[in-house]
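Novice: Following is a predicted model, sequence given first.
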Amino acid sequence: MAISSLHATTSLHSPCTTNTSFRQNQVIFFTTRSNRRGSTRYGGARTFQVSCSVDKPVVIGLAADSGCGKSTFMRRLTSVFGGAAEPPKGGNPDSNTLISDTTTVICLDDYHSLDRTGRKEKGVTALDPRANDFDLMYEQVKAIKEGKAIEKPIYNHVTGLLDPPELIQPPKIFVIEGLHPMFDERVRDLLDFSIYLDISDEVKFAWKIQRDMAERGHSLESIKASIEARKPDFDAFIDPQKQYADAVIEVLPTQLIPDDNEGKVLRVKLIMKEGVKNFNPVYLFDEGSSITWVPCGRKLTCSYPGIKFAYGPDTYFGHEVSVLEMDGQFDRLDELIYVESHLSNLSTKFYGEVTQQMLKHADFPGSNNGTGLFQTIVGLKIRDLYEQIIAERAGAPTEAAKV
Ligand SMILES: Nc1ncnc2c1ncn2[C@@H]1O[C@H](COP(=O)(O)OP(=O)(O)OP(=O)(O)O)[C@@H](O)[C@H]1O
Ligand SMILES: O=C(CO)[C@H](O)[C@H](O)COP(=O)(O)O
């Protein structure tokens, strides 16, 4: 049996019908095993009746290369919804899934159709579409969006093998993060909102060195070689997805320090597509104007090289966008409230919520610069989008939806 149809038959078509034997988001393992050359899949055609949520999930896509801040972004997003995300309780300790009260985040690496050995044998990288099962990805994201539970495979990053699948129940917000959330048109069309983290080569290199040398004991040469080996497939299959994103966070070297090659001070752009349903771009001072702002002075402490904001309209892959930019870093995070008070359409629930979120996670990477600030803002916009969709379904549009 083809892998995709095997899983299609085992997806649990019981949105609200049931004998509930499983709790919402409970994860179950299946041990039936099927093999094919180059990969190992587990699964079994079993029928389960499970509990379900009446509200169908809102589906969010987050695309980025490996080591580009997806996990950090997801931690900020989950925090905006008020809970901590944890791996499935009692499940596979190497599961890539994170579950909180509101959100379930799955990692699209779980749709690798070739395991580490299989990729090596075939001479393809994990970024290559031939190493991924897009039919299964589509069927399962569609099932979740329809409120049905799925048995999702697990790619084990420790062993490099495909582990037995885990049962995933439809949450309120379903996030698919990884290399290819916008690659397949069918999957792309299921997304209610999409984000691309666009990290420039220089910055990606600096972050990889920091993590893989300091935390994983890799040599500088091996990090360089791994980045170079991935580059052609990254350019061919990952990078082009940014044209479809509703919001792009672009991370570049600073322009405030001439010829900077340290990669510590960053220039970060938040590129927000115009005309996206339930998403009103954030603006600085005056919507639609072009503005440059250097806030350093009496209200904001800035050491060298300072902080510079910019805002204005632009085009991005033929789409009208608004771009908010921050170059530099904060000396004192509590003073961010001064910047926040000059931004509009933030979708905060109270004055200072952005600053509060940033202070809460001051230890996350990027908390003193535009990466943390814009990830937090996008998190708030996603919460707002979710609330608008739910209100719309309930037939009561919010004030924001009427704008
Ligand atoms: N905003 C940031 N500023 C500085 N460093 C960062 C930032 N975001 C991420 N990093 C660095 O990159 C590393 C990877 O971040 P993170 O785990 O969030 O990425 P990821 O895309 O989920 O990675 P992977 O796909 O490999 O699991 C972090 O350990 C940190 O060193
Ligand atoms: O690009 C990646 C996504 O995170 C990984 O390289 C891919 O999933 C393969 O993982 P591993 O190196 O653990 O076999």
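Specialist: Looks like it arrived, so ask away. Since this is a predicted model, take the numbers as computed values, not measurements. Ligands and ions are numbered 1, 2, ... in the order given.

Novice: from here on, contacts and neighbour counts on C-alpha atoms
Specialist: Will do.

Novice: Just give the number of residues close to the residue nearest to residue 339 when sequence neighbours are not counted.
Specialist: In space, residue 339 comes closest to residue 295 once its chain neighbours are excluded; the distance is 7.6 Å by C-alpha to C-alpha, 6 or more residues apart in numbering. Counted with other C-alpha atoms under 10 Å, residues neighbouring residue 295 total 16.

Novice: go on, residue 355?
Specialist: The number of residues near residue 355, taken as other C-alpha under 10 Å, comes to 20.

Novice: Quick check: which element contains the residue nearest to residue 339?
Specialist: Here residue 295, judged by DSSP states H and E, is contained in no helix and no strand.

Novice: what helices or strands is the helix or strand encompassing residue 249 leaning on?
Specialist: Using DSSP H and E, residue 249 maps to strand 247-253. Applying 3 or more C-alpha pairs under 8 Å, 6 or more residues apart in numbering; DSSP states H and E, one finds that strand 247-253 contacts strand 193-199, helix 201-208, strand 266-273, helix 370-393.

Novice: Select from the ones you listed the stretch with the lowest mean pLDDT.
Specialist: Among these, helix 201-208 has the lowest mean pLDDT, at a mean of 87.

Novice: Low-confidence ranges, the stretch 51-200 of the chain, go.
Specialist: For the stretch 51-200 of the chain, applying pLDDT under 70 flags the ranges 51-54.

Novice: Enumerate the residues of it near ligand 2.
Specialist: 66, 109, 116, 126, 157, 160 (C-alpha under 6 Å from any ligand atom).

Novice: neighbours of the nearest residue to the fifth one once chain neighbours are set aside, just the number please.
Specialist: This points to residue 157. Using C-alpha to C-alpha, 6+ apart and skipping the chain neighbours, the partner closest in space to residue 157 is residue 94 (7.4 Å). Look at residue 94: counted by other C-alpha under 10 Å, it has 15 neighbours.

Novice: Spit out the contact partners of residue 94.
Specialist: Going by C-alpha atoms under 8 Å, 6 or more residues apart in numbering, residue 94 touches 156-158.

Novice: Select from those residues the one having the most neighbours.
Specialist: Ranked by the number of neighbours (other C-alpha under 10 Å), the contacts of residue 94 place residue 156 first, at 20 neighbours.

Novice: ok so, going back, residue contacts, the residue nearest to residue 339?
Specialist: Residues near residue 295 by C-alpha under 8 Å, 6+ apart: 307-309, 339.

Novice: Now that we have those residues, can you turn them into JSON lines and tack on neighbour count?
Specialist: Output for these, formatted as JSON lines (neighbours: other C-alpha atoms under 10 Å):
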{"residue": "307", "neighbour count": "23"}
{"residue": "308", "neighbour count": "18"}
{"residue": "309", "neighbour count": "20"}
{"residue": "339", "neighbour count": "16"}
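
Novice: how about those in CSV, adding distance to residue 175 and secondary structure?
Specialist: Conversion of the contacts of residue 295 to CSV gives the following (distance: C-alpha to C-alpha, whole Å; DSSP: H, G, I helix; E, B strand; the rest coil):
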residue, distance to residue 175, secondary structure
307, 33, strand
308, 32, strand
309, 30, strand
339, 29, helix
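
Novice: Same list, those, but as a markdown table with pLDDT and distance to ligand 2 please.
Specialist: Below are the contacts of residue 295 laid out as a markdown table (pLDDT from 0 to 100; distance: C-alpha to the nearest ligand atom, whole Å):
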| residue | pLDDT | distance to ligand 2 |
| --- | --- | --- |
| 307 | 93 | 32 |
| 308 | 95 | 33 |
| 309 | 97 | 32 |
| 339 | 94 | 34 |
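
Novice: For the chain, which segments are assigned as helices?
Specialist: Using DSSP state H, the helices of the chain run over residues 3-10, 70-80, 116-122, 134-145, 185-188, 201-208, 214, 220-233, 336-340, 353-360, 370-393, 399-402.
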